[in-house]
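Engineer: fold the following for me, if possible:
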Amino acid sequence: MLTLKNKIAYLFDMDGTINIGNKAFPAAIELFKKLHKMGKKVIVLTNNSSRTSKEHMAKLIDMGFQENTFSVYSSVDVTIEYLKEEHPKSRIYLLGTNSVKREFERNGIQISEESPDIAVLSFDTELTYEKLKRFCRFVREGAFYVATNPDINCPSEEGPIPDAGSLIAAVERSTGRVPDLVVGKPNPTMLHTLLEKLDLKPEDAVMIGDRLYTDIEMAKRAGIDAILVLSGETRKEDLKMPVQENPLVFESVESILKLL
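Structural biologist: Take a look at the predicted model:
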């Protein structure tokens, strides 16, 4: 039986779990405050690769989350760390936003618009046809193909909007190729790297998220406990058993707040 109070680190997905678009769930703000007062580590572990972690943090603070009560670790961070460690001299073509591109460059990643060794696909909310066409050409020519995350849609105030997974599908239809590597959730490397940074064991952490195929699957692969919330992408009909029969499925993070 999962005992939440014994956990040291609480890892939260972002979109659909603690917020929708630019609106935070009020219970999530209160939950972060309570966990901070309890001395727990609160980390937003997000696949959203349209922004840098600093931008995500600023956005969450603007929504009402209290500064210094949480940190952010994203698929952008783990992709940069992977490229620096495994491909330090490679030329990279990035399908991504300008701010993420600048973050790559700040970390010493060599960005190239022609003949890259590696093509990196992220959640590009500034996508143009020219960028997509160029990316497909590099993939078709044999560049090693990396995706930051596989999320099909991102929950928003206007409903689901296409995320990196939808762009992966477009590239596959054009080139016949799928990514050689997906760095973010559900790849457990993202979680293992974070736990190593925090000097924690898998049993010390719990993952809270709204997607079965990223948040919950990553936790399963990494051997940590997970809680699914139904405030984002996953719906009751997606589950194999009724919600009331599964103690690790909650309607929202408000249920976690009530348990603590």
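
Engineer: what are the structural domain limits within this protein?
Structural biologist: According to automatic domain parsing, the chain comprises the domains 4-75+185-259, 87-182.

Engineer: got phi/psi on residue 44?
Structural biologist: The phi and psi values for residue 44, taken as degrees, to the nearest 10, are phi -90, psi 110.

Engineer: related to what we said a few turns ago, and residue 81, which of the domains of the chain is closest to it?
Structural biologist: Each of those was checked against residue 81 via Cβ to Cβ, and the shortest separation belongs to domain 4-75+185-259, namely 6.8 Å. Bear in mind the C-beta positions are built from the backbone N, C-alpha and C, glycine included.

Engineer: what's the span of that closest one, first residue to last?
Structural biologist: Using Cα to Cα, to the nearest Å, one end of domain 4-75+185-259 lies 8 Å from the other.

Engineer: which of the domains of the chain has the lowest mean pLDDT?
Structural biologist: Among those, domain 4-75+185-259 carries the lowest mean pLDDT, at a mean of 92.

Engineer: who are the contact partners of the most centrally placed residue in the chain?
Structural biologist: The geometric centre of the chain, computed from its C-alpha atoms, lies nearest to residue 47 (Cα atoms, centre = their mean), at 1.4 Å. With contacts taken as Cβ atoms under 8 Å, 6 or more residues apart in numbering, residue 47 has the following neighbours: 13, 74, 75, 148, 149, 150, 151, 164, 184, 185, 214.

Engineer: going by distance to residue 135, which of those residues wins?
Structural biologist: Nearest to residue 135 out of those is residue 164 (Cβ to Cβ; 12.0 Å).

Engineer: residues in contact with the nearest residue to that closest one once chain neighbours are set aside?
Structural biologist: Leaving out its chain neighbours, the residue that sits closest to residue 164 by Cβ to Cβ, 6 or more residues apart in numbering is residue 123, at 4.5 Å. Under the criterion of Cβ under 8 Å, 6+ apart, the contact list for residue 123 reads 48, 49, 50, 96, 148, 149, 151, 154, 163, 164, 167.

Engineer: repeat that for residue 29.
Structural biologist: Shown in contact with residue 29 (Cβ under 8 Å, 6+ apart): 63, 64, 65, 66.

Engineer: same question, residue 257
Structural biologist: With contacts defined as Cβ under 8 Å, 6+ apart, residue 257 is in contact with 27, 30, 31, 34.

Engineer: if we go to 10 Å?
Structural biologist: The neighbourhood of residue 257, defined by Cβ atoms under 10 Å, 6 or more residues apart in numbering, consists of 25, 26, 27, 28, 29, 30, 31, 32, 33, 34, 35.

Engineer: which non-adjacent residue is nearest it?
Structural biologist: Of all residues beyond its chain neighbours, the one nearest residue 257 is residue 31 (4.6 Å), with distances taken as Cβ to Cβ, 6+ apart.

Engineer: how much space separates the one you found from residue 202?
Structural biologist: Taking Cβ to Cβ, to the nearest Å as the measure, residue 31 falls 22 Å from residue 202.

Engineer: so those two - more neighbours on which side?
Structural biologist: When residue 31 and residue 202 are compared for neighbours, residue 31 comes out ahead with 22 against 14, by other Cβ atoms under 10 Å.
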